[in-house]
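S.K.: predicted model, plus sequence, below.
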Amino acid sequence: MKILVLIKQVPNADSPFRLNGAGTWIDESNLTFGLNDYDRYALEAGLRLKDAGKATEVVALTVGPERAATALRTALATGADRVPLADEPEAPVVLPPHANIRGRAYYTPEEPLCLLTPPSTN
């Protein structure tokens with residue numbers, strides 16, 4: 001069995017949150033980003049299933065701009081086997097609802113278990 005874990009890159013809680021010059025969105029220039037805590041737990045659960053011999057591969061997927069690749073590198077360093085990035089250059093810090101739909105595009109019959117988490121901690 002293969003496991004697909006959908007992960008999300010979020011701003012770290014200790015980042016300085018400020019509005020951009022237009023006052024329409026968060027100024028991302030001073031933010032640091034990390035892996036959403038709930039997604040980290042889901043990834044760990046998938047890796048535990050693999051270590052127990054109940055899965056053959058753990059795939060971590062995220063949707064977002066190129067900077068979201070850092071969340072995938074974290075997943076890879078944690079033990080994920082593959083880490084595809086569904087590039088969405090205009091994705092804001094808080095991903096829109098279509099992110100779940102995009103994630104389903106990567107779900108295949110070879111990956112029968114998909115680990116999803118509740119809303120993020122950001």
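M.R.: Received it, and whenever you're ready, just let me know what you need. Computed from a predicted model, the values in this text were never measured in an experiment.
S.K.: would you mind finding the longest helix in the protein?
M.R.: helix 37-51 (DSSP state H).
S.K.: report all helices and strands that the helix or strand that it is followed by contacts.
M.R.: Counting by DSSP states H and E, the element after helix 37-51 in chain order, helix or strand, is strand 57-64. When contacts are defined as 3 or more CB pairs under 8 Å, 6 or more residues apart in numbering; DSSP states H and E, strand 57-64 sits against strand 2-6, helix 37-51, helix 69-78, strand 85-87, helix 98-104. The C-beta positions use only the backbone N, C-alpha and C, and glycine is treated the same way.
S.K.: residues of strand 57-64 that come out buried?
M.R.: Across strand 57-64, burial judged by 16 or more other CB atoms under 10 Å covers 58-64.
S.K.: Serialize these to TSV and add fields for distance to residue 50 and pLDDT.
M.R.: As requested, these are exported to TSV (distance: CB to CB, whole Å; pLDDT from 0 to 100):
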residue	distance to residue 50	pLDDT
58	5	92
59	11	88
60	12	89
61	16	86
62	19	84
63	23	80
64	25	79
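S.K.: would you turn those residues into TSV with distance to residue 86?
M.R.: Output for the buried residues of strand 57-64, formatted as TSV (distance: CB to CB, whole Å):
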residue	distance to residue 86
58	17
59	12
60	12
61	7
62	7
63	4
64	8
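S.K.: still on that earlier bit, ok, which of the helices and strands packed on strand 57-64 comes nearest residue 13?
M.R.: helix 37-51 (9.6 Å; CB to CB).
S.K.: ok now the closest one, how far from the chain's centre?
M.R.: 12 Å (CA atoms, centre = their mean, to the nearest Å).
S.K.: let me know the angle separating that helix from strand 2-6.
M.R.: Angle between the axes of helix 37-51 and strand 2-6 is 170 degrees (criterion: axes from the mean of the first three to the mean of the last three CA atoms, to 10 degrees).
S.K.: which helices and strands sit right next to helix 37-51?
M.R.: strand 2-6, strand 57-64, helix 69-78, strand 113-115.
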